[in-house]
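Undergrad: Here is my input, please return the structure:
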Amino acid sequence: MPPEAVTCRGEPVAELLVVRGGRRLEGAVKVAGAVNTVLPIMAAAALAADVSVIENVPRCRDVEVMADILRSLGCEVELTDGGRLAVDARRLSSTHAPAELCGRIRGSYYAAGMLLGRAGQFEVGLPGGDSIGGRPVDFHLKGFSALGAEVVTERGYMVGRARSLRGVEFLVPRRSVGTTINLMLAAVLAEGTTVLRNAALEPEVTDTAVFLNLMGARIRGAGTPTIVIEGVERLRGAHYAIIPDRIEAGTYLIAGAATRGDVTVERLIPEHVTALLTKLAEAGCEVEANTDRVRVRAKRRLRAVDIDTAPFPGFATDLQPPFVAMLATAEGEAVIRETVYDGRFAYVEELLRMGADIRVEGNTAYLRGVEALSGAVVQAPDIRGGAAVVIAGLVAEGTTEVQAIEHVDRGYDRFEHKLRGLGADVERVEEVTAPAP
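TA: As a prediction, the model looks like this:
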């Protein structure tokens, strides 16, 4: 994982990616474990006064921040270069997770569900993460309250306390992934049975439930709209390898298609990216899916296709920005409807700087493919928007400088290294910036 920004003779230093476009991506790339799975599983590991080992962990900044949050609670966390992470929660002694840490990532709210389940109370800083639209914690707090906790938000913290937690039937609003997982974390040690209706279907939910069951939990129905959790008295440590990152996998498949290349992504579960593969084929790609790999070839200019994002198994909102970057040079017009986050199109302004023809109205973008994009100085507004502008740089004429690349580092494991392995001309450089007045 790239280091944090440093200083040189007292001057701030920022990192950026320099992308020289025009190269077809070819070859194979292996994806890391799912970032959106490892964060709740790290929290789940702390439910037991024991040691758990998690394999296939990506090296990215969100994982490092979650490790620091667990350390602030008294856990010992060790991550090796080989992707193995050990969580020793035998000395968990605090229920206060600092706002300074929690405000860096969205997944910090999983500490609240874990602490409520294990200690009966929590004081967890409000989550941060990407500015891609409203993602309130109200759903989480309503679920905790239904389980018997008294919860408030104050001074930048979520605060909760319960004398005891009891099973309940709860309707998960908007099929929220975070709420579904957080209530599983809190309910596994509650008294009685909890039933989550309208539960999220995402693979990350199922993977978290599998890990919790290895720890001794009793969860059934994960991956369906109804999840049943029978509370147990205690949990134990477990050893588990998390699923591949479907969003990272999809990003490389899209990058290959955008450059009219031939890219094979290995160590993924094709069923997790079915909606994407359908749209890539519709756009004119040749798609070959096997047990644990997918190959995408684009021999000619792609066709523009419409997409509507949706919860799993629909088209993933996290793949919408990279896909739109691919469509920027496709033939024809496309309509992109974002149904999950109301602020997802922030990256479009950066694509416009490169010559894209896109008009945004509310949660819908209208795109007309152009013959070519031009290199420019652009910003990575968030994790997936950052991936989008990098892909645009790969297909653009000339050189693109992508600033604020720390956003991309939060969600991708060695992004530029893997792109170079596919033949991309991309490098990370440091730039001395003027100090703020």
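Undergrad: A helix includes Val305, no?
TA: No - secondary structure of Val305, determined by DSSP: H, G, I helix; E, B strand; the rest coil: coil, with no helix assignment.
Undergrad: For it, give me its contacts.
TA: Counting by C-beta atoms under 8 Å, 6 or more residues apart in numbering, Val305 touches Lys279, Glu282, Ala283, Leu327, Ala330, Ala334. The way it works is simple: take the backbone N, C-alpha and C, and place the C-beta from them, glycine included.
Undergrad: now swap in Val168 and tell me
TA: Counting by C-beta under 8 Å, 6+ apart, Val168 makes contact with Ala146, Leu147, Gly148, Thr194, Val195.
Undergrad: Among the residues you listed, name the ones in helices.
TA: Taking DSSP state H, the ones among the contacts of Val168 that sit in helices are Ala146.
Undergrad: can I get the contacts of Val168 in TSV with distance to Gly256?
TA: Output for the contacts of Val168, formatted as TSV (distance: C-beta to C-beta, whole Å):
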residue	distance to Gly256
Ala146	45
Leu147	45
Gly148	50
Thr194	43
Val195	43
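Undergrad: between the contacts of Val168, which is closest to Phe170?
TA: Nearest to Phe170, judged by C-beta to C-beta, of these is Ala146 at 5.0 Å.
Undergrad: these two touch, right, that closest one and Val172?
TA: No - between Ala146 and Val172 there is no contact under C-beta atoms under 8 Å: 10.7 Å.
Undergrad: any idea which strand is longest in the protein?
TA: Taking DSSP state E as the criterion, the chain has its longest strand at strand 11-20.
Undergrad: average pLDDT for that strand?
TA: Averaging pLDDT along strand 11-20 gives 85.
Undergrad: Show me what that strand is packed up against.
TA: For strand 11-20, the packing partners by 3 or more C-beta pairs under 8 Å, 6 or more residues apart in numbering; DSSP states H and E come out as helix 383-395, strand 399-403, strand 425-432.
Undergrad: tilt between the longest one and strand 399-403?
TA: So the one you mean is helix 383-395. Interaxial angle, helix 383-395 versus strand 399-403 (axes from the mean of the first three to the mean of the last three C-alpha atoms, to 10 degrees): 170 degrees.
Undergrad: coming back round to it: tell me which of the helices and strands packed on strand 11-20 sits most buried.
TA: With neighbours taken as mean count of other C-beta atoms under 10 Å, those reach their highest mean count in helix 383-395, at a mean of 29.
Undergrad: still on that earlier bit, from the contacts of Val305, list the buried ones, please.
TA: Lys279, Ala283, Leu327, Ala330, Ala334 (16 or more other C-beta atoms under 10 Å).
Undergrad: before we move on, the earlier item: for the longest strand of the chain, which strands pair with it and how are they oriented?
TA: Take DSSP bridges as the rule and strand 11-20 pairs in its sheet with strand 7-8 (antiparallel), strand 399-403 (antiparallel), strand 425-432 (antiparallel).
Undergrad: Make CSV from the ones you listed and add mean pLDDT to it.
TA: CSV is the format used below for the strands paired with strand 11-20 (pLDDT from 0 to 100):
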stretch, mean pLDDT
strand 7-8, 41
strand 399-403, 97
strand 425-432, 89
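Undergrad: For Ala365, find the nearest of those strands.
TA: Set against Ala365 and scored by C-beta to C-beta, the strands paired with strand 11-20 come closest in strand 399-403, at 20.5 Å.
Undergrad: May I have that closest one exported as CSV, CA atoms only?
TA: Provided in CSV are the C-alpha atoms of strand 399-403 (Å, rounded to 0.1, in the frame of the first residue of the first chain):
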residue,chain,number,x,y,z
THR,A,399,-0.9,12.4,-20.8
THR,A,400,-3.3,12.5,-17.9
GLU,A,401,-2.4,13.5,-14.4
VAL,A,402,-4.7,12.2,-11.7
GLN,A,403,-4.5,14.1,-8.5
